[in-house]
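Engineer: Sequence first, predicted model second:
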Amino acid sequence: LPQERLNILVGENAQGKSNLLEAIYLLATTRSLRANHESELVRHGADSGTVHASLVKEREGDVELEVSILPTDKKIVRINGAKRARVIELLGQLNAVHFSSADISLVSGDPSLRRRYLNVEISQISPKYCFDLASYKKALEQRNRLLRDLRDRPYPNSGLEAWNEQLIQHGAPVLEKRRFFIDRLAPLANSVHQELTDGREQLTLGYLPSVPVPDAGVEAISECFRAELARVESEEMRRGVTVIGPQRDEIQFLIDGKDARSYGSQGQQRTLVLSLKLAQFRMMSEYVGEPPIMLLDDVMSDLDDRRRGQLLGMIHQRCQTFVTCTTLRDFPQEILAEARIYQVMDGHIAESCCETAGSIEAEEYGA
């Protein structure tokens, strides 16, 4: 069993270290970290793939979670052994924050990656967000199909107004939750970023929706959405696509007032993402009432000594953490003394006993 604090998974590349992190993340979010379709996680030739975990929770009773994935992409969820009708019922049972070297794409990559980040993280603290988002996507798909038809062959009484209302009904709560999330995350991210840069840099997060999102509740946002749809109707009819809504949202990252995507160095972008993840950890701890699990996937070697020390210091003794690495050299001896170390080889995980762990450390440090 993993221990309550730091668990280190050490092994060569392509041995399966990240698979455990993938399994925990799947239980927390119902989504894969890397695959476009969860069915890609099922072993070739198998009928299904299953992840099961027993959770000891601080605030609520202990719980048993299970997710089974079928080759058809269908997921079956069980909580305490009982099959649940909807996959989203799993959300909120387990919270996790994942950080890997690939996360720098949150700053440098396509806007769709930043929207996906919002969707996954907000869903962890607000399962209803996931329902609204799924309903919005269905309405958007139907509305876009109608707009394409109208572009080629306009006709009266098309039913576009009805789809407008569906879009507004499900889109307004999505917009409100995104604004709420960024508003709460931004000051925390700036605070962490100043800690990581010794106060030399200011980090600003900005939510850039394509629809005005007033801080006055869902009804006010709905009115703004309705007015904007009326304003762009002729353009949408001409182009055959919905041009505003959550699918066009963006997040802006500024370092000292400059766009981090265009002007930030790779080191600055990496520190920015680390600030974002640690701020998310703090926000989730406050919102949920207990710390999430930290999943650090092969990031220690990408950080300099100072950043590694700051990261370990910020999470040390605060939460259960799983770290993957290819070497133990990046960990201070006092951290290794408190950690539970596992060797990963060819998909198998084995705990290192004291003697074995000591020999690993001696070998790593050249003793």
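Structural biologist: Here it is on my side, so go on. This one's a predicted model, so the numbers in the text were calculated from it and none came from an experiment.

Engineer: In which helix or strand does residue 251 reside?
Structural biologist: strand 250-255 (DSSP states H and E).

Engineer: quick one: average confidence on that strand?
Structural biologist: Averaged across strand 250-255, the pLDDT comes to 96.

Engineer: Centre of the chain to it, how far?
Structural biologist: Between the centre of strand 250-255 and the centre of its chain there are 17 Å (C-alpha atoms, centre = their mean, to the nearest Å).

Engineer: Next secondary structure element downstream of it?
Structural biologist: strand 258-259.

Engineer: From the contact count, pick out the helices and strands touching that following strand.
Structural biologist: If contacts are counted by 3 or more C-beta pairs under 8 Å, 6 or more residues apart in numbering; DSSP states H and E, strand 258-259 sits against no helix or strand. In this view, the C-beta of every residue, glycine as well, is placed from N, C-alpha and C.

Engineer: next SSE after it?
Structural biologist: Past strand 258-259, the next helix or strand by DSSP H and E is helix 260-263.

Engineer: List of residues touching that following helix?
Structural biologist: The contact list for helix 260-263 (C-beta atoms under 8 Å, 6 or more residues apart in numbering) reads 107, 108, 253, 254, 255, 268, 269, 272.

Engineer: give me that answer again for 6 Å
Structural biologist: 107, 108, 253, 269, 272 (C-beta atoms under 6 Å, 6 or more residues apart in numbering).

Engineer: Those in helices, which ones?
Structural biologist: Judged by DSSP state H, the contacts of helix 260-263 include 107, 108, 269, 272 as members of helices.

Engineer: Pick the one among those residues closest to residue 294.
Structural biologist: Each of the ones in helices among the contacts of helix 260-263 was checked against residue 294 using C-beta to C-beta; the closest is residue 272, at 17.9 Å.

Engineer: which ones are touching residue 318?
Structural biologist: Counted by C-beta under 6 Å, 6+ apart, residue 318 has contacts residue 291.

Engineer: Return the residues in contact with residue 181.
Structural biologist: Residue 181 touches residue 122, counting by C-beta under 6 Å, 6+ apart.

Engineer: same thing but 7 Å
Structural biologist: Neighbour list for residue 181: 118, 122 [criterion: C-beta atoms under 7 Å, 6 or more residues apart in numbering].

Engineer: Please report how far residue 114 lies from residue 264.
Structural biologist: Using C-beta to C-beta, to the nearest Å, residue 114 is found at 15 Å from residue 264.

Engineer: Same question for residue 350.
Structural biologist: In terms of C-beta to C-beta, residue 350 sits 41 Å off from residue 264.

Engineer: go on, residue 334?
Structural biologist: Taken as C-beta to C-beta, the span from residue 334 to residue 264 is 33 Å.

Engineer: who's more crowded, these two?
Structural biologist: Neighbours were tallied for residue 334 and for residue 264 using other C-beta atoms under 10 Å; the higher tally belongs to residue 264 (21 against 10).

Engineer: can you tell me how far that one sits from residue 296?
Structural biologist: Per C-beta to C-beta, residue 264 is found 22 Å from residue 296.

Engineer: all helices for the stretch 1-150 of the chain, in order.
Structural biologist: Secondary structure of the stretch 1-150 of the chain (DSSP state H, counting those that start in this stretch): helices located at 17-29, 105-108, 111-125, 127-152.

Engineer: Now the shortest one: buried residues?
Structural biologist: What it means is helix 105-108. By 16 or more other C-beta atoms under 10 Å, the buried positions in helix 105-108 come out as 106, 107.

Engineer: For it, give the mean pLDDT please.
Structural biologist: Helix 105-108 comes out at a mean pLDDT of 94.

Engineer: starting at the chain centroid, how far to that helix?
Structural biologist: For helix 105-108, the distance to the chain centre is 13 Å (C-alpha atoms, centre = their mean).

Engineer: mind listing what's buried in the helix ranked longest in the chain?
Structural biologist: Across the chain, the helix with the greatest residue count (assigned by DSSP H) is helix 160-196. By neighbour count with 16+ other C-beta under 10 Å, helix 160-196 contains the buried residues 163-164, 166-182, 184-186, 188-190, 192-193, 196.

Engineer: Quick check: which helices or strands does the following helix or strand past it pack against?
Structural biologist: Counting by DSSP H and E, the element after helix 160-196 in chain order, helix or strand, is strand 203-208. If contacts are counted by 3 or more C-beta pairs under 7 Å, 6 or more residues apart in numbering; DSSP states H and E, strand 203-208 sits against helix 160-196, strand 250-255.

Engineer: okay, strand 203-208 in PDB with CA atoms only?
Structural biologist: The C-alpha coordinates for strand 203-208 follow below in PDB (Å, rounded to 0.1, in the frame of the first residue of the first chain):
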ATOM      1  CA  LEU A 203       1.700  36.600 -12.800                       C
ATOM      2  CA  THR A 204      -1.700  37.600 -14.100                       C
ATOM      3  CA  LEU A 205      -4.400  35.200 -15.200                       C
ATOM      4  CA  GLY A 206      -7.100  36.500 -17.400                       C
ATOM      5  CA  TYR A 207     -10.300  34.900 -18.600                       C
ATOM      6  CA  LEU A 208     -11.100  35.900 -22.200                       C
END
